[in-house]
Each structure stands twice: as C-alpha cells, then as structure tokens.
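**Student:** I would like to see how this sequence folds:
(one chain, ligands or ions: 1)
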Amino acid sequence: MLMVDLIRKKRDGGKLTKEEIEYMVKGYTQGEIPDYQMSAMLMAILFRHMDPEETVELTLAMMNSGEVLDLSAINGIKVDKHSTGGVGDKTSLVLTPMVASLGVPVAKMSGRGLGHTGGTIDKLESFTGFHTDISNEQFLQNVSKIGISIMGQTANLAPADKKLYALRDVTGTVDNLSLIVSSIMSKKLAAGADAIVLDVKCGNGAFMKTEEDATELATSMVDIGKRLNRKMVAVISDMEQPLGYAVGNALEVQEAIDTLNGRGPEDLKELCLTLGSQMVYLAGKANDEAEARQRLEQVLDDGTALHKFADFIEAQGGDREQVYHPEKLPKATLTCEVKAENDGYVEKIRCEEVGNTSLLLGGGRRSKTDVIDLSVGIILKKKTGDQVSAGESIATLYANDEQKMKEAAERLYQAYTFSERKTEPGKLIKKIIR
Ligand code: URA
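**Tutor:** Numbering: from 1, shown residues only. Here you go, the predicted model:
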C-alpha cells in the first residue's frame, strides 16, 4: 500500500477501507508516514469528508494505536463523562462524587492540557498532597473501595491522536466532524468506559459556536459510540457565559465544594443534576431519569456526596480537611474589584476574554511546560441579565502580581457588554440526544 495512493483516493472523493485507514494511522503513529503526507490527507478529508463507516474505522484505529484500559476488574457499568470544554467548567469535581455516592463506579483518566485554567487534575492539585501518579492496581483498588479514582492520562493512551491533533492544529485541519469525533471518542474508548455521557457546549465560549454545530457533533459522537456498542447520551449545554461564578483553579474547587454543600450556583447544580441523572440511569442504578435525579438531589442534601469527595481526596494523598475548610486552599495575595462605569444591565459576557484574563493572571498554560498559579482567578459578581449600577463591582480578581492584575482588570472589563434593557440569558440545557 502506498500513502500517496490513499491521498489521491481521498482527494478525488473516494471512500477509504478499514485496511487503508489502519495502514495510515499505524504508519503515521510509528513515524513511517511523514507529516507532509499526513497533512495532505487531513486536508483531503477536510474537503471531501469521511462517511460514518470511515469515521468508525478511524476512531478504532486511533483507539488501538496505544494502550486500551481494561476495567473489567471493576464491577458494574463504568460510565465516563466528557466535556468539550468551556470557561468555569468545574462540573467533574461535583458530578463524580455525586454519582459515585449512588454506586456508579468512576474510573477516570484526566488530562492537564493547555487552556485558560488547568484541567481537572490541576484543579485537584489545589489540595495539599493530592496526586494522580498512581499505579493501575491502586487506581482499580480505589474505584472498588471508594467508588472514584482519577489517574493522569498515560502517554500511551491513543498516541495517534496526540500526533494527529498537533498536526491538525498547525495545518488548519481541526474543523472537520470526522476528525473531531474520532479524536474525542478514541481517547474515551481507550479509557475503558462502557457508557459515555457527553457534555457538548455551545456558545461564544465553546468550540462549537451554534446549537446546530453542537447538535451535529453530538449526534455524530452518539452514533459512533453506539456503533461500537457503547451506551451513549449527549447533553447540549450553554456556554454563552461562564459556568458558575468562579474561574481559576482553587477558586473553582471552592465553588465545587460550595455546590456539594448545597450553596453553589444554580446553573452548575442544574448541569450536574442533568448529566448525573443520565450517568446514573445508564449505569442501571435507577429505573428512570426522574428517579436518578431525585436520588442525586438527596446525596447533595444529606452531605453524602461531600463526604465521598473528601474520601476520594484523601485516598489520593490529599488533605481531606481542606474539603471541610476550603479557606485553607491556596490563596492569592492581592485582590481588586472591577467596577461598572454606568447604570444598566449585563448584555453579554465574552467567555474567551474571561478565560484570557485568568490566563493573564497565571491560572492557565500557554505551553506545556508553563507552571500554573493555582490561587489566582476571577469571581464574577454579575452575569447576563443582571442589573448593575455605576461604581458597582462586576467581578473580583485574585492575583499575585500588581502589574498583571491591572492588565487583567482592563481585559475583564472588555469582556462585558452592557445595555439599557434587560437581556434574558439563554437556556442552560438546550437538548438531550440519546
Ligand atoms: N477536542 C479533542 O480532543 N479533539 C478535537 O479534535 C477537538 C476537541
């Protein structure tokens, strides 16, 4: 088989076979197919597309390019959750102890990645001593004993995706449905889940800007997962403004703890209940979604989910006292209020700019080697539709550097648009695709 023949075939609108896709993915992962040929193939796929069968084969080939986790030692249906990413998204921190409290085993691999704040693992490292470099045996043991364990993503999980994503990033070939679907699903499937609940975000702070695009992506991922015999549900949720009020690692952890204590923001709680009831139902721990939701509300109300979170933090070396005393989490030395200049209403919040403010303060990574400042970030005081008076605070910044704080304050103000009339915020849960 010659790669150039496969490039020509796709360039002319042909359909690649299972063998051809396997040859291409294996050859590229092993360094036998050069970047320039794979770049040409990616561009051909971008213009000519792949059909659902090709997308399934691409997903499988990428999944099989490295280690595929075997979770069969853990009893029950293993349900994983994936978010396509947004600003202030601390859902996993709240959701995992909620569903684990109802007996849904959570065996999760999480990444750090680049972005406005750290990933789930970075956020969890706000707890003194918490770590995710545990052995496979310890990981499985913790899931069996406590119900939750989170492990750092191994280098050998879908290595084809690591190489391909980096290449797509610099060749203008990210925006293709089959490439996105295979990238996300190959990693989720390699992590060993029997069922997957997807949180596909849409809006100005999300990868998918419109509900139509988010629906197309969600439908395609659900379809591919089902073809591979996984139980699948996708929730399309709003990302026209940050989720909750906190953006920044330790600040988000604190908001997650508040939510587990029943004092969290309504949007975060609602999203956790929606995603959680899908997870509990798919895991067979409730007869229907309504019963799952009711039981999740109960474990939030009676403190079970909070204690489960503390057990999980402790099992991975963290200080459980910080769960009950979040004031002991990392704290920034400086704060400043960002104030409204005029009376009016918040019309819009550009999520990306809020994220960039957190990045500017040191809360995220621009390159893989950047060290994150866990203590910095933003607490929004006003969200879309809220009334503001001139001089009133719209957000508090937490910083450790005077100059960065000044720049961040200007940037955050620019993220807001005000109007004279009240704007209704968009619906949080747009639709559920089963
Ligand atoms: N996230 C991924 O993991 N892959 C993509 O292609 C896009 C978003």
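**Student:** residues contacting the nearest residue in space to Thr132 that is not next to it in sequence?
**Tutor:** Of all residues not flanking Thr132 in the chain, Gly152 sits nearest, at 4.3 Å (Cβ to Cβ, 6 or more residues apart in numbering). (Each C-beta comes from the backbone N, C-alpha and C, glycine too.) When contacts are counted by Cβ atoms under 8 Å, 6 or more residues apart in numbering, Gly152 touches 109-112, 121, 132-133.
**Student:** which of these fall in strands?
**Tutor:** Secondary structure assignment by DSSP state E places 109-110 of the contacts of Gly152 in strands.
**Student:** for the stretch 101-250 of the chain, which residue gets nearest to the ligand?
**Tutor:** Nearest residue of the stretch 101-250 of the chain to the ligand: Ser183, at 3.4 Å (Cβ to the nearest ligand atom).
**Student:** that residue - that's part of a helix, no?
**Tutor:** Yes. With DSSP: H, G, I helix; E, B strand; the rest coil as the criterion, Ser183 is part of a helix.
**Student:** what about it, how many neighbours?
**Tutor:** By the criterion of other Cβ atoms under 10 Å, Ser183 has 21 neighbours.
**Student:** what does the one 4 residues further on give?
**Tutor:** When neighbours are counted by other Cβ under 10 Å, Lys187 registers 23.
**Student:** pretty sure it is touching Ala160, no?
**Tutor:** No. Checked against Cβ atoms under 8 Å, the pair Lys187 and Ala160 is beyond contact range at 10.2 Å.
**Student:** what segments of the stretch 201-350 of the chain are strands?
**Tutor:** Using DSSP state E, counting those that start in this stretch, the strands assigned to the stretch 201-350 of the chain run over residues 231-238, 246-247, 334-339, 344-349.
**Student:** what's the most buried one of the ones you listed?
**Tutor:** strand 246-247 (a mean of 29; mean count of other Cβ atoms under 10 Å).
**Student:** measure the residue of the stretch 101-250 of the chain closest to the ligand to Lys162 for me?
**Tutor:** 10 Å (Cβ to Cβ, to the nearest Å).
**Student:** measure Gly244 to Ala214 for me?
**Tutor:** Relative to Ala214, and taking Cβ to Cβ, Gly244 is found at 20 Å.
**Student:** again with Tyr165
**Tutor:** For Tyr165 relative to Ala214 (Cβ to Cβ), the value is 20 Å.
**Student:** between the two, point out the one with more neighbours.
**Tutor:** Applying other Cβ under 10 Å to Tyr165 and Ala214 shows that Ala214 carries more neighbours, namely 26 against 15.
**Student:** confidence score at the more buried one?
**Tutor:** On pLDDT, Ala214 comes in at 96.
**Student:** what is the burial count for Ala290?
**Tutor:** Neighbour tally, Ala290, other Cβ under 10 Å: 11.
**Student:** over to Val253?
**Tutor:** By the other Cβ under 10 Å criterion, the neighbourhood of Val253 contains 25 residues.
**Student:** next, the closest residue to it other than its chain neighbours: secondary structure please.
**Tutor:** Spatial nearest neighbour of Val253, chain neighbours left out: Ser126 (4.7 Å); criterion: Cβ to Cβ, 6+ apart. Put simply, Ser126 is coil when judged by three-state DSSP.
**Student:** list the contacts for Ser126?
**Tutor:** Applying Cβ under 8 Å, 6+ apart, the residues contacting Ser126 are 249-250, 253, 322, 329-330, 374.
**Student:** the stretch 1-150 of the chain: strands as residue ranges?
**Tutor:** For the stretch 1-150 of the chain, the strands defined by DSSP E, counting those that start in this stretch occupy 79-83, 106-110, 148-152.
**Student:** if we can go back for a sec, what about the residue of the stretch 101-250 of the chain closest to the ligand, distance to Leu167?
**Tutor:** Taking Cβ to Cβ, one finds Ser183 at 11 Å from Leu167.
**Student:** what's the answer for Lys422, then?
**Tutor:** Taking Cβ to Cβ, one finds Lys422 at 46 Å from Leu167.
**Student:** in terms of neighbours, single out the busier of those two.
**Tutor:** Leu167 (17 against 13).
**Student:** so who does the more buried one touch?
**Tutor:** 35, 38-39, 42, 173.
**Student:** about what we covered before: need the contacts of Ser126 in JSON lines with pLDDT and distance to Ser178, can you?
**Tutor:** As requested, the contacts of Ser126 are arranged in JSON lines below (pLDDT from 0 to 100; distance: Cβ to Cβ, whole Å):
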{"residue": "Asn249", "pLDDT": "96", "distance to Ser178": "34"}
{"residue": "Ala250", "pLDDT": "98", "distance to Ser178": "38"}
{"residue": "Val253", "pLDDT": "98", "distance to Ser178": "36"}
{"residue": "Gln322", "pLDDT": "98", "distance to Ser178": "43"}
{"residue": "Leu329", "pLDDT": "98", "distance to Ser178": "42"}
{"residue": "Pro330", "pLDDT": "97", "distance to Ser178": "41"}
{"residue": "Leu374", "pLDDT": "97", "distance to Ser178": "37"}
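**Student:** now distance to the ligand too, for these, in a markdown table please.
**Tutor:** A markdown table is the format used below for those (distance: Cβ to the nearest ligand atom, whole Å):
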| residue | distance to the ligand |
| --- | --- |
| Asn249 | 20 |
| Ala250 | 25 |
| Val253 | 23 |
| Gln322 | 31 |
| Leu329 | 29 |
| Pro330 | 28 |
| Leu374 | 24 |
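**Student:** the ligand contacts on the stretch 251-400 of the chain?
**Tutor:** Contact residues, the stretch 251-400 of the chain versus the ligand (Cβ under 6 Å from any ligand atom): none.
**Student:** skip the chain neighbours and tell me the closest residue to Leu260.
**Tutor:** Using Cβ to Cβ, 6+ apart, the nearest residue to Leu260 is Leu306, at 4.3 Å.
**Student:** for the helix or strand that contains Leu360, name the packing helices and strands.
**Tutor:** In this structure, Leu360 sits in helix 351-361 according to DSSP states H and E. Other elements packing on helix 351-361 under the criterion 3 or more Cβ pairs under 8 Å, 6 or more residues apart in numbering; DSSP states H and E are strand 246-247, strand 377-380, strand 393-399, helix 402-415.
**Student:** out of these, which one sits most buried?
**Tutor:** Comparing the helices and strands packed on helix 351-361 by mean count of other Cβ under 10 Å gives strand 246-247 as most buried, with a mean of 29.
**Student:** what's that one packed up against?
**Tutor:** Secondary elements touching strand 246-247 (3+ Cβ pairs under 8 Å, 6+ apart): helix 249-260, helix 351-361, strand 377-380.
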